[in-house]
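J.: Fold the following.
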Amino acid sequence: MSALAVPFALIRISFVANLAYRLRFYTGVVSYLIYVLVYTSIWRAVYATGAAGGPLAEFPSFEALFTYFAVGWLARSFCFNNVDRTLTELVESGHIAARVARPVSLHVQMLCEAIGEAAFRAAFFSPILLTVLIVFFGFQPPASFGSFVGFLASLVLSIIVMAELNFLVGLTAFKTQSTWGIMRAKQYLIELLSGLLIPLSYFPDALRKLAYCTPFPVLTSIPNRLYLGLVSGAEAWSALAISAGWAVGLFVLAVVCDRAVAKSLQVQGG
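T.: Now for the predicted structure:
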């Protein structure tokens, strides 16, 4: 049996499970459209005041800024997963022991679930949202073919980064009475420091530098800037290297934490 047979089987199971509950994803299209329209309406007002000539001068037009936010929410719809929520529910219900006892590590199980959900969203969720944005709102194409390829590469890395972040947050359920506050704080930090709500170029210098010291820009700012061609050449390769570095680093940290949790459960069971 191929070493990839089990992960592919887990990814398929996750894909099919999400397919069974596809109606909730379709209703989510409306929510994402509302997010895009609200934030672009706010920034349309910013452009109308002439403030866009400052830090936002990197966006040549309002349409480019609209595309920035639309791409950001598209990327979020693609890489979003419920790994942290799933882990929390498994720990609270006591079913986590059965998951850990499987021949496949808990980390691999959760990562495959995240990839399966991303595959489902790519097939059934994001295309609907993208079609509406193109037909009704003037969504711009990528700056170039190279920009699009870089964007896709960064998107794949963002799936891994999001999955590992959620996995690490979910593991806190073993040490805390409730993780809901931690998950909500993580969500707010991602939305702010990733550049999803406000482009990082509009941040004060200190806050922008702080944001780039976290993995959050990998989820929105880097893919968006690659798509719009705001970074190219060596700068684009550097951005992808940063994304890959965070993906590998968080993966290794998740593996270490997963083994520690499994060992702890074995000791308690023994």
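J.: which residues touch residue 72?
T.: Counting by Cβ atoms under 8 Å, 6 or more residues apart in numbering, residue 72 touches 194, 195, 196, 220, 223, 224. For every residue, glycine as well, the C-beta is placed using N, CA and C.
J.: run the last query once more with 10 Å
T.: 35-36, 39, 191, 194-197, 199, 219-221, 223-224, 227 (Cβ atoms under 10 Å, 6 or more residues apart in numbering).
J.: And it, what's its pLDDT?
T.: As predicted, residue 72 sits at a pLDDT of 88.
J.: any idea how far the helix or strand harbouring it is from the chain center?
T.: Assessed by DSSP states H and E, residue 72 sits inside helix 62-79. From the chain centre to the centre of helix 62-79 is a distance of 13 Å (Cα atoms, centre = their mean, to the nearest Å).
J.: okay, it in PDB with CA atoms only?
T.: This file holds the C-alpha atoms of helix 62-79, laid out as PDB (Å, rounded to 0.1, in the frame of the first residue of the first chain):
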ATOM      1  CA  PHE A  62     -10.600  51.700  -6.500                       C
ATOM      2  CA  GLU A  63     -11.300  48.600  -8.600                       C
ATOM      3  CA  ALA A  64      -7.800  47.300  -7.700                       C
ATOM      4  CA  LEU A  65      -8.700  47.900  -4.000                       C
ATOM      5  CA  PHE A  66     -12.000  46.200  -4.500                       C
ATOM      6  CA  THR A  67     -10.200  43.200  -6.000                       C
ATOM      7  CA  TYR A  68      -7.800  43.200  -3.100                       C
ATOM      8  CA  PHE A  69     -10.700  42.700  -0.600                       C
ATOM      9  CA  ALA A  70     -12.500  40.300  -2.900                       C
ATOM     10  CA  VAL A  71      -9.400  38.100  -3.300                       C
ATOM     11  CA  GLY A  72      -8.900  38.300   0.400                       C
ATOM     12  CA  TRP A  73     -12.300  36.900   1.200                       C
ATOM     13  CA  LEU A  74     -12.000  34.300  -1.600                       C
ATOM     14  CA  ALA A  75      -8.700  33.100  -0.100                       C
ATOM     15  CA  ARG A  76     -10.300  33.000   3.300                       C
ATOM     16  CA  SER A  77     -13.300  30.900   1.900                       C
ATOM     17  CA  PHE A  78     -10.700  28.500   0.400                       C
ATOM     18  CA  CYS A  79      -8.400  28.000   3.300                       C
END
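J.: before we move on, back to that, just the contacts of residue 72: which are in helices?
T.: Counting by DSSP state H, the part of the contacts of residue 72 found in helices is 35, 36, 39, 191, 221, 223, 224, 227.
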